[in-house]
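> Test case, fold it:
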Amino acid sequence: MVKIAVTGAAGRMGGRIISIISETEGVELAGALEHEGNAAIGKDAGELAGIGKLGVKVSSDAEAVMNAVDVLIDFTFPEVTLSIMKVVAGLGKAAVIGSTGFTESERSELEQMSAGIPVVFAPNMSMGVNVLFKLVSEAARALGDDFDIEMVETHHRMKKDAPSGTAMKLAELAAEAVGRKIADVGVYERHGMIGARSSDEIGVQTLRGGDVVGDHTVYFYGMGERVELTHRATSRDTFASGSVKAALWLKGKGPGLYNMQDVLGLK
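Predicted coordinates:
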């Protein structure tokens, strides 16, 4: 039995992860975390998730919680993730991280922590999106420089980072496939008299509104034709299920930074 702790236990994503854990064989919820002062502290995590009592109370004591579990599942924000990962790494536990919006230095810090513990770090944990990652790489490689690459991502109005972590991963993969670096060729805004599009640039545009769970479309524009690859998420359960699958997969794995391509056997 894999014992799991969930950060952001009182949030929408945390609640869905807790629900999926309760429905999955081989795992159990053994810890629930929220920041100090949160109104959920002391309440039953199952009741907060709307599935009835689980006997696990929400706590702000990361060290006490992590001492009693095997794996942390974290979908919060980079600063929160890095703070709790210091505890996770210090105790030699494993982690599944779905937080997005990391800077290069924050990502580097996370990579250093994974040198001593097994960590699955992925911007999107749905099976469909991870298949999309593979398809975009193959399409970009096959179509090459004759096609212009653009992408659009849409999320709910409450999402704080932009572009999404998934969109940035798609852009990185597409750029790598055609021998470029997204840091050099990424274009995230167009306005005014900007001149003709360069042949190297890759556009990544962001839309925010309503309760959209997550839409991503990658366009390959050629002369007289175009290819579109789209993934639309209609439920957070796709991400929650993927994170629990990753937690199970980590059992017995050695230290290192893994991703969902590893978990799903897509490499």
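> just checking, T24 touches G242?
No: using C-beta atoms under 8 Å, T24 is not in contact with G242, being 11.7 Å away. C-beta coordinates here come from the backbone N, C-alpha and C atoms, glycine included.
> what's near enough to touch the residue nearest the centre of the chain?
By C-alpha atoms, centre = their mean, the chain has its centre lying nearest to P123, at 2.7 Å. By C-beta atoms under 8 Å, 6 or more residues apart in numbering, the contact set of P123 is 98, 100, 164-166, 168-169.
> Spatially nearest residue to it (excluding sequence neighbours)?
Computed as C-beta to C-beta, 6 or more residues apart in numbering, the closest residue to P123 that is not its neighbour in sequence is G165, at 3.1 Å.
> Repeat that for E176.
Nearest to E176 is S137, by C-beta to C-beta, 6+ apart, at 7.4 Å.
> Buried residues of the host helix or strand of that neighbour, list them for me.
If you go by DSSP states H and E, S137 is part of helix 127-143. By neighbour count with 16 or more other C-beta atoms under 10 Å, helix 127-143 contains the buried residues 127, 129-130, 132-133, 136-137, 139-140, 143.
> Including distance to R236 and pLDDT, could these go into TSV?
TSV is the format used below for the buried residues of helix 127-143 (distance: C-beta to C-beta, whole Å; pLDDT from 0 to 100):
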residue	distance to R236	pLDDT
M127	14	91
V129	13	95
N130	16	93
L132	17	97
F133	19	95
V136	23	98
S137	26	97
A139	27	98
A140	29	98
L143	33	98
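> Doesn't E150 lie inside a helix?
No: counting by DSSP: H, G, I helix; E, B strand; the rest coil, E150 falls outside a helix, being strand.
> residues touching it, list them.
For E150, the contact set (C-beta under 8 Å, 6+ apart) comprises 202-205, 218-219, 221.
> Which stretches in this protein count as strands?
Using DSSP state E, the strands of the chain run over residues 2-7, 27-33, 58-59, 71-74, 94-97, 118-121, 148-155, 186-187, 202-208, 214-221, 226-233, 256-258.
> which one of those lies closest to L173?
Comparison of the strands of the chain against L173 by C-beta to C-beta identifies strand 214-221 as nearest, at 9.4 Å.
> low-scoring stretches of the stretch 151-267 of the chain, by residue?
Applying pLDDT under 70 to the stretch 151-267 of the chain flags no residue at all.
> all helices for it, in order.
165-177, 182-185, 237-249, 260-263 (DSSP state H, counting those that start in this stretch).
> by contact count, what packs against the second one?
Translated: helix 182-185. helix 165-177 (3 or more C-beta pairs under 8 Å, 6 or more residues apart in numbering; DSSP states H and E).
> For the helix it packs on, buried residues please.
165-175, 177.
> Now for the contacts of P123: which two are most distant?
Greatest spacing in the contacts of P123, by C-beta to C-beta: G98 and M168 (14.0 Å).
> Report the separation between the two terminal residues of stretch 252-259.
Here the two ends of stretch 252-259 are set 16 Å apart, with distance taken as C-alpha to C-alpha, to the nearest Å.
> Pick the one among the buried residues of helix 165-177 closest to V227.
Lowest distance from V227 to those (C-beta to C-beta) belongs to A174, with 11.8 Å.
> May I ask you to confirm that that closest one is in contact with V136?
Yes: shown here, A174 and V136 form a contact pair, counting by C-beta under 8 Å, at 5.5 Å.
> quick revisit: tell me which of the helices of the stretch 151-267 of the chain sits nearest to G15.
Closest to G15 of the helices of the stretch 151-267 of the chain, according to C-beta to C-beta: helix 237-249, at 8.9 Å.
> could you say what helices and strands that closest one packs with?
Using 3+ C-beta pairs under 8 Å, 6+ apart: helix 237-249 touches strand 2-7, helix 12-23, strand 27-33, strand 71-74, strand 94-97, strand 118-121, helix 127-143, helix 260-263.
> Could you export these to a markdown table, including columns for distance to K43?
Below are those laid out as a markdown table (distance: least, C-beta to C-beta, whole Å):
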| stretch | distance to K43 |
| --- | --- |
| strand 2-7 | 14 |
| helix 12-23 | 12 |
| strand 27-33 | 9 |
| strand 71-74 | 19 |
| strand 94-97 | 24 |
| strand 118-121 | 28 |
| helix 127-143 | 32 |
| helix 260-263 | 31 |
